[in-house]
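S.K.: I would like to see how this sequence folds:
(one chain, ligands or ions: 1)
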Amino acid sequence: MWDSIWINAHLATLREGKYGIVRRAALAVADGRITWVGARADLPGEPAQLAREVNDCDGRWITPGLIDCHTHLVYAGSGVREFELSLQGASDDELARAGGIASIVRETREASEMQLIKSASARLRRLLDEGVTTVEIKSGYGLDTAAEMKMLRVARLLGESGAVTVKTSFLGAHALPPENQDRADAYVDLVCEEMLPAVAEAKLADAVDAVCDSAGFSAQQTTRVFQAAEALRLPVKLHADQFSELNGAALAACFGALSADHLEHANEDGVQAMAEAGTVAVLLPGTFYFLRAKQAPPVGLLRSHGVPLAIASDCNPGSSPATSILLMLNLACTLFRLTPEEALAGVTCHAARALGLGADRGTLEAGKAADFALWDIGEPAELAYALGANPCAGVVKRGIGVQRPD
Ligand code: FE
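M.R.: Predicted coordinates for the structure are as follows:
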């Protein structure tokens, strides 16, 4: 006998990156896993005889739980002063003095774990309210061993509530800390020889990330970080080619990266290499919008080479103070011209793959984790169409209703 069954629902299963619609469907769960998905008419019996608990969804839609596969959710401080100053016409010097990433690093270093948990929980709650059941969280505002480990411990603790699965990425190579401003190679030594081994030893990171860009680290420095990750058997991902063409996409692919993210300036060789390596492209439309960037990522090339497209919030204080995954769907469609179906696949099956979780979640299929969201919508494209609406009617995590349908 199954633990529970959801009936009177329409499903967007997202199998193989398509809507995969099943109308008048049923979905059954046992031991936190999906055990049966299909048309209700094909059920092998009456729901009440098949499962201990029957949930009537009243014609709502069910999708896989949404996945935000790129966030910097844990930090202290804010970018609001720079935001306001820049709109008052402040010069670059004045903006730099207002803080930038240096002020976030200073405040994050000074914050206690409890303070970081409190501020990050508030951001996480807004994502969960929109049907998110899995989120990736990066370090990268500590930039020394103790503070990076503190950020990752906080990220791990956020996942222990059970309401959300958290995957962590160590992003020591995010920016240069104030004490190492003109010594990038020495800082990369520290990342590779001290920070990464300590993080790996404490099992605090599920992956290793870096910023390979004019505003970050060179291809050579990124290679060193990736070699150190490889030696510790940690998968890699990369902030690649956001502001400049440093062949970050090809570098990520060369290391079999789970994902290459941003990609505004990626070239065709890089896209081809990603396709061959199975590296997912993570598009970050909130950042593109907030920075009023001009060059969009090469979506046509990524499509024609068959690179899976994921979408994420890039939630961070400097360039994407965003905690709405549904807004990202809309921005991916309006700014990058994704179809609503591609956008939804970008926060479900392809986002799962970008976290190495493709076999376990991201679609509604028997055997996968029973993480799903219920929606008051008439068709799946509404999730990308509406601005500022939240039609989420409930979230089920490992088969348990976080907010049950009434
Ligand atoms: Fe980022």
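S.K.: every contact and neighbour count from this point should use C-alpha atoms.
M.R.: Will do.
S.K.: the nearest residue to Q295 once chain neighbours are set aside: neighbour count?
M.R.: Nearest in space to Q295, with sequence neighbours left out and distances taken as Cα to Cα, 6 or more residues apart in numbering, is E264 at 6.1 Å. By the criterion of other Cα atoms under 10 Å, E264 has 22 neighbours.
S.K.: one more: L152?
M.R.: Neighbour tally, L152, other Cα under 10 Å: 26.
S.K.: got it, and the one 5 residues further on?
M.R.: Residues lying near L157 (other Cα under 10 Å) number 14.
S.K.: helices and strands around the helix or strand hosting it, which ones?
M.R.: Here L157 sits within helix 145-159, counting by DSSP states H and E. On a contact count with 3 or more Cα pairs under 8 Å, 6 or more residues apart in numbering; DSSP states H and E, helix 145-159 meets helix 113-128, strand 165-173.
S.K.: do you know which of those lies nearest E136?
M.R.: E136 lies closest to strand 165-173 among the helices and strands packed on helix 145-159, at 4.6 Å (Cα to Cα).
S.K.: run me through the strand neighbours of that closest one, direction for each.
M.R.: Within its sheet, strand 165-173 is paired with strand 132-138 (parallel), strand 207-212 (parallel), according to DSSP bridges.
S.K.: what's in contact with that strand?
M.R.: By Cα atoms under 8 Å, 6 or more residues apart in numbering, the residues outside strand 165-173 that reach it are 133-140, 142-144, 148, 152, 155-156, 158-159, 188, 191, 195-196, 199, 204-211, 216-217, 222, 225, 355.
S.K.: please apply the same query to stretch 271-287.
M.R.: Contacts for stretch 271-287 (Cα under 8 Å, 6+ apart): 69-70, 249-250, 252-254, 256-263, 297, 301-302, 305-314, 319-320, 322, 328, 331-332, 335-336, 350-351, 353-354.
S.K.: got it, and stretch 316-330?
M.R.: With Cα under 8 Å, 6+ apart as the criterion, stretch 316-330 contacts 68, 71-73, 77-80, 100-101, 123-124, 126-127, 130, 132, 284-287, 290-291, 311-315, 340, 343-344, 383-388, 390.
S.K.: how about a cut-off of 7 Å?
M.R.: For stretch 316-330, contacts defined as Cα atoms under 7 Å, 6 or more residues apart in numbering pick out 71-73, 78-79, 123, 126-127, 285-287, 290-291, 312-315, 343-344, 383-385, 387-388.
S.K.: could you do stretch 8-26 as well?
M.R.: Counting by Cα under 7 Å, 6+ apart, 5-7, 37-40, 56-64, 341, 345, 349, 363-364 sit against stretch 8-26.
S.K.: from these, which ones fall inside helices?
M.R.: Per DSSP state H, helices hold the following members of these: 341, 345, 349.
S.K.: adding pLDDT, neighbour count and distance to S86, write those residues out as TSV.
M.R.: Below are those laid out as TSV (pLDDT from 0 to 100; neighbours: other Cα atoms under 10 Å; distance: Cα to Cα, whole Å):
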residue	pLDDT	neighbour count	distance to S86
E341	98	20	36
A345	98	30	35
C349	98	31	38
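S.K.: need the residues you listed in TSV with distance to E230, can you?
M.R.: Listed next are those as TSV, based on distance: Cα to Cα, whole Å:
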residue	distance to E230
E341	35
A345	29
C349	25
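S.K.: ok, those vs L234, which is closest?
M.R.: C349 (21.8 Å).
S.K.: surely that closest one touches G362?
M.R.: Yes: C349 lies in contact with G362 (Cα atoms under 7 Å); the separation is 3.9 Å.
S.K.: domains of the chain?
M.R.: Domain assignment for the chain by automatic domain parsing gives 2-64+364-401, 66-354.
S.K.: distance from the shortest one to the middle of the chain?
M.R.: Taking Cα atoms, centre = their mean, to the nearest Å, one finds domain 2-64+364-401 lying 22 Å from the centre of the chain it belongs to.
S.K.: same deal with stretch 129-139?
M.R.: On Cα atoms, centre = their mean, the centre of stretch 129-139 falls 6 Å from the chain's centre.
S.K.: before we move on, the earlier item: can I get the strands paired with strand 165-173 in TSV including mean pLDDT, mean neighbour count and distance to A373?
M.R.: TSV is the format used below for the strands paired with strand 165-173 (pLDDT from 0 to 100; neighbours: other Cα atoms under 10 Å; distance: least, Cα to Cα, whole Å):
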stretch	mean pLDDT	mean neighbour count	distance to A373
strand 132-138	98	27	8
strand 207-212	97	27	26
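S.K.: how about the ones you listed in JSON lines, adding distance to V402?
M.R.: Shown next, in JSON lines, are the strands paired with strand 165-173 (distance: least, Cα to Cα, whole Å):
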{"stretch": "strand 132-138", "distance to V402": "10"}
{"stretch": "strand 207-212", "distance to V402": "28"}
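S.K.: find the residue at the geometric middle of the protein.
M.R.: C69 (1.5 Å; Cα atoms, centre = their mean).
S.K.: apart from its neighbours in sequence, what residue is nearest that residue?
M.R.: E136 (4.9 Å).
S.K.: and what of A386?
M.R.: Nearest one to A386, counting by Cα to Cα, 6+ apart, is N330 at 7.1 Å.
S.K.: counting neighbours, what do you get for that neighbour?
M.R.: 27.
S.K.: on that earlier part again, filter the contacts of stretch 316-330 down to the buried ones, ChimeraX style.
M.R.: The buried residues among the contacts of stretch 316-330 can be selected in ChimeraX (16 or more other Cα atoms under 10 Å) with this line:
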select :71,72,73,78,79,123,127,285,286,287,312,313,314,315,343,344,383,384,385
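S.K.: let's see which of the contacts of stretch 316-330 end up in strands.
M.R.: The strands, defined by DSSP state E, take in nothing from these.
S.K.: so which of the contacts of stretch 316-330 sit within helices?
M.R.: Using DSSP H, the contacts of stretch 316-330 in helices are 123, 126-127, 285-287, 290, 343-344, 383-385.
S.K.: make JSON lines from those residues and add distance to R15 to it.
M.R.: Formatted as JSON lines, the ones in helices among the contacts of stretch 316-330 follow (distance: Cα to Cα, whole Å):
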{"residue": "R123", "distance to R15": "29"}
{"residue": "R126", "distance to R15": "27"}
{"residue": "L127", "distance to R15": "23"}
{"residue": "P285", "distance to R15": "24"}
{"residue": "G286", "distance to R15": "26"}
{"residue": "T287", "distance to R15": "28"}
{"residue": "F290", "distance to R15": "32"}
{"residue": "A343", "distance to R15": "14"}
{"residue": "L344", "distance to R15": "11"}
{"residue": "L383", "distance to R15": "17"}
{"residue": "A384", "distance to R15": "18"}
{"residue": "Y385", "distance to R15": "21"}
